[in-house]
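[1] Attaching a predicted model along with its sequence, questions to come.
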Amino acid sequence: MQLGRVIGIAVATRKDEKLVGSKLLITQPISPEGEFMGAPLITVDTVGAGVGEQVIYVTGSVAARAIPQDHAPVDAAIVGIIDSIQCQVRKE
Amino acid sequence: MQLGRVIGIAVATRKDEKLVGSKLLITQPISPEGEFMGAPLITVDTVGAGVGEQVIYVTGSVAARAIPQDHAPVDAAIVGIIDSIQCQVRKE
Amino acid sequence: MQLGRVIGIAVATRKDEKLVGSKLLITQPISPEGEFMGAPLITVDTVGAGVGEQVIYVTGSVAARAIPQDHAPVDAAIVGIIDSIQCQVRKE
Amino acid sequence: MQLGRVIGIAVATRKDEKLVGSKLLITQPISPEGEFMGAPLITVDTVGAGVGEQVIYVTGSVAARAIPQDHAPVDAAIVGIIDSIQCQVRKE
Amino acid sequence: MQLGRVIGIAVATRKDEKLVGSKLLITQPISPEGEFMGAPLITVDTVGAGVGEQVIYVTGSVAARAIPQDHAPVDAAIVGIIDSIQCQVRKE
């Protein structure tokens, strides 16, 4: 599970029928300190997240468990909205 | 789920029998701004995508859900064609 | 399975209902020598780990097997607490 | 699914019993232009590929679908042999 | 499937009950030429591998198939011990 910030929305009219009705949000991975890390991805929203919010997202086959449709071809889903992070200072 | 641009076609006559009839497109991962990012991969097309189009693709075991054959050895599939992207300016 | 050090806690009130009751720990991947490597992730704790402890975590769909809820959208879980590491000197 | 070139053979007498009879080929990921990219991996061959051939391989749990044994611990398999690639010039 | 060299042992008394009895080996990914590549990981041994041996390991959900316990939270397992590698000279 990763931390991310929702930074946009993707619209796709032609898509797999099991994705109809899913909100496709562009999520930027972030560090615990909120810094952007790596490449953004498209996540299905399942918790009512909006642009600008910090979220928890999952990837891989378990992401499909978060949406109501069975057997949807979904590999990334937002499963929580971050209230707060408590984190030690990191030295890399 | 990732953003990509279809950049080519792969032809393979000898292949797993569960792949017969699948269109194999070469997809280049792109950023929300359309810039090429990372290495291209081969994706099975399930939505009628063509070379030059911006698409959404999934990877991993869920990709096989997008194609009609059961239990096909497919780990990447195009599941949508992008109409538009609304995205905040990113600072990396 | 990876080595990590628990470095923080994430709190999310709005989340997938199958995550209710799960403790979400921020885990920093580490080398066998204890050095920080790569980006931290959020892991569900299943063994009573605390901040500062060295742990073993798993990622992907098997992580969900470590928690009591069935079919939870979990892709990272702490499955052990490290007592000791015996490791050869590495040259990279 | 990725493009690769078969560059070698691995021999392992002591191995999981579900791997007995599987041909283990060393495959180097390549770009659509045939350039080596990233680190080689071991793939189970299911289509009669030989050293020097360009192939399509899959990774993850779907790879096990390509081989006859059920529930084999296989995470990479060659599923096709490339006849030709048509690809746009890429700018990275 | 990847090539690796076993470089150490991890001991964890507190762990998921489905991991009890599993030997946890630290494995360093290596190239076909035996050079260390990337970060070490923890692998469950299923073939009697020892420190210093070259092995084949798998990652992801299929790794759990190599161990006797059902539904164990295991994402990396050694499934073979390398006898020999025949590999072309690589230019990267």
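    Received, thanks.
[2] ok, the residue in chain A that chain E sits nearest to - how many residues close by?
    Closest residue of chain A to chain E, CB to the nearest CB: residue A:61 (8.0 Å). Where C-beta positions appear, they are placed from N, C-alpha and C, glycine not excepted. Per other CB atoms under 10 Å in any protein chain shown, the neighbour tally for residue A:61 reads 24.
[3] Let's see the pLDDT reported for it.
    For residue A:61, the model assigns a pLDDT of 97.
[4] wouldn't it be in contact with residue A:73 here?
    No. Counting by CB atoms under 8 Å, residue A:73 is not a contact partner of residue A:61; they are 10.1 Å apart.
[5] between the two, what contacts are shared?
    residue B:62 (CB atoms under 8 Å, 6 or more residues apart in numbering or on different chains).
[6] in which helix or strand would I find residue A:70?
    Under the criterion of DSSP states H and E, residue A:70 resides outside all helices and strands.
[7] Would you mind measuring from it to residue C:63?
    According to CB to CB, to the nearest Å, residue A:70 stands 21 Å off from residue C:63.
[8] the more surrounded of those two?
    residue C:63 (27 against 9).
[9] Wasn't the more buried one part of a helix?
    Yes. Residue C:63: assigned to a helix according to DSSP: H, G, I helix; E, B strand; the rest coil.
[10] Excluding sequence neighbours, find me the nearest residue to it.
    residue C:77 (3.9 Å; CB to CB, 6 or more residues apart in numbering or on different chains).
[11] can you tell me the helix or strand for that neighbour?
    strand C:76-81.
[12] Residue A:44 too?
    Going by DSSP H and E, residue A:44 is part of strand A:41-45.
[13] Walk me through which strands that strand pairs with, and which way each runs.
    Strand A:41-45 has these partner strands in its sheet, going by DSSP bridges: strand A:24-29 (antiparallel), strand A:76-81 (parallel).
[14] Export these to TSV and append columns for mean neighbour count and mean pLDDT.
    Below are these laid out as TSV (neighbours: other CB atoms under 10 Å in any protein chain shown; pLDDT from 0 to 100):
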stretch	mean neighbour count	mean pLDDT
strand A:24-29	23	98
strand A:76-81	27	98
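[15] Kindly reformat these as TSV containing distance to residue B:36.
    Converted to TSV, these look like this (distance: least, CB to CB, whole Å):
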stretch	distance to residue B:36
strand A:24-29	17
strand A:76-81	20
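[16] Indicate which one of those is closest to residue C:39.
    strand A:24-29 (7.5 Å; CB to CB).
[17] What residues does chain A have near chain B?
    A:7-16, A:18-19, A:24, A:26, A:28, A:36, A:39-44, A:51-52, A:60-61, A:63-64, A:71-76 (CB under 8 Å from any CB of the partner chain).
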